[in-house]
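>>> What shape does this take:
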Amino acid sequence: MSSTRDIDNLIEMMAKLPGLGPRSARRAVLHLIRKQALLLTPLADLMQTVAATARECLNCGNVGTSDICDICVSEKRANSELCVVEDVSDLWAMERAGVFKGRYHVLGGTLSALDAIGPDELRIPRLIDRVQTENITEVILALNATIDGQTTAHYIADQLEGQVKLTSLAQGVPIGGELDYLDDGTITAALNARKAL
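Predicted coordinates:
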């Protein structure tokens, strides 16, 4: 039996994280072990806490520690504007820019015939329900400028046509770009220059 089996297992698990391969995971684990009291133990405690408390917001799909996230319950948010994003990382990118003061709706991905992802696999029915029940006056489609993102935007626009003002992000988001990788200025320019679909 190997005396480093647990460490090897940790390296394998870390290597499954986005942006980390086996070498990077090995370096990260060795660094954590060297700084055990300062990093490893607090990280392990926080991971255990987050594993026990993290959940999706029942309303919008954001991630938090309560059934309804802080954004959805905030009285400072505009109730009439709803920004639709693909994933939580996109929501966080929009929040990082600090420009949008409305509410969000996280789809959980995009439509993809190749991957058998249809509207029911995403949170599109919940979006349509929210538009009809929450007095939404504008839906901003802040989807990634990819083929699947644009296909999803067109599908949502067709479903909501005539029910609400539909806009999408404009200048600043490059074709093939993803919100999580854009700087705050680009997100701000794109949100301010949104246009009707």
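>>> The residue nearest to the spatial centre of the chain and residue 29, how far apart?
Nearest to the mean C-alpha position of the chain, by C-alpha atoms, centre = their mean, lies residue 88 at 1.5 Å. Look at residue 88 and residue 29: by C-beta to C-beta, to the nearest Å, they are 26 Å apart. Placement of C-beta: from N, CA and C, glycine included.
>>> Same question for residue 155.
As for residue 155, its distance to residue 29 is 43 Å (criterion: C-beta to C-beta).
>>> the more surrounded of these two?
residue 29 (19 against 16; other C-beta atoms under 10 Å).
>>> Now do the same contact list for that one.
7, 10, 11, 14 (C-beta atoms under 8 Å, 6 or more residues apart in numbering).
>>> Sort out for me which of those residues are in helices.
Among those, the members falling in helices (DSSP state H) are 7, 10, 11, 14.
>>> Quick one: neighbours of the last one, just the number.
It refers to residue 14. Around residue 14 there are 18 other residues, counting by other C-beta under 10 Å.
>>> I figured it hits residue 27, correct?
No: the criterion here is C-beta atoms under 8 Å, and residue 14 misses it with residue 27 at 9.7 Å.
>>> Residue 100 touches residue 94, doesn't it?
Yes: counting by C-beta under 8 Å, residue 100 touches residue 94, with 5.4 Å between them.
>>> list the residues that contact both of the two?
Common neighbours of residue 100 and residue 94, counting by C-beta under 8 Å, 6+ apart, are 83, 191.
>>> So these two - more neighbours on which side?
Set side by side, residue 100 and residue 94 show more neighbours around residue 94, with 25 against 20, by other C-beta under 10 Å.
>>> Show me where the protein has its strands.
For the chain, the strands defined by DSSP state E occupy 55-56, 63-64, 81-85, 103-106, 138-141, 165-168, 195-196.
>>> shaky segments in the protein?
Along the chain, segments meeting pLDDT under 70 span 1-2, 170-172.
>>> Identify each of the helices in it and give its residue range.
Using DSSP H, the helices assigned to the chain run over residues 5-15, 22-34, 41-53, 70-73, 88-97, 124-133, 147-160, 184-192.
>>> Export these as TSV, with columns for distance to residue 173.
What follows is the helices of the chain, written out as TSV (distance: least, C-beta to C-beta, whole Å):
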stretch	distance to residue 173
helix 5-15	31
helix 22-34	29
helix 41-53	31
helix 70-73	22
helix 88-97	11
helix 124-133	20
helix 147-160	10
helix 184-192	5
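>>> Deepest in the core, which of these is it.
helix 88-97 (a mean of 19; mean count of other C-beta atoms under 10 Å).
>>> Just give me how far it sits from the chain centre.
Remark: helix 88-97 is offset 7 Å from the chain centroid, using C-alpha atoms, centre = their mean, to the nearest Å.
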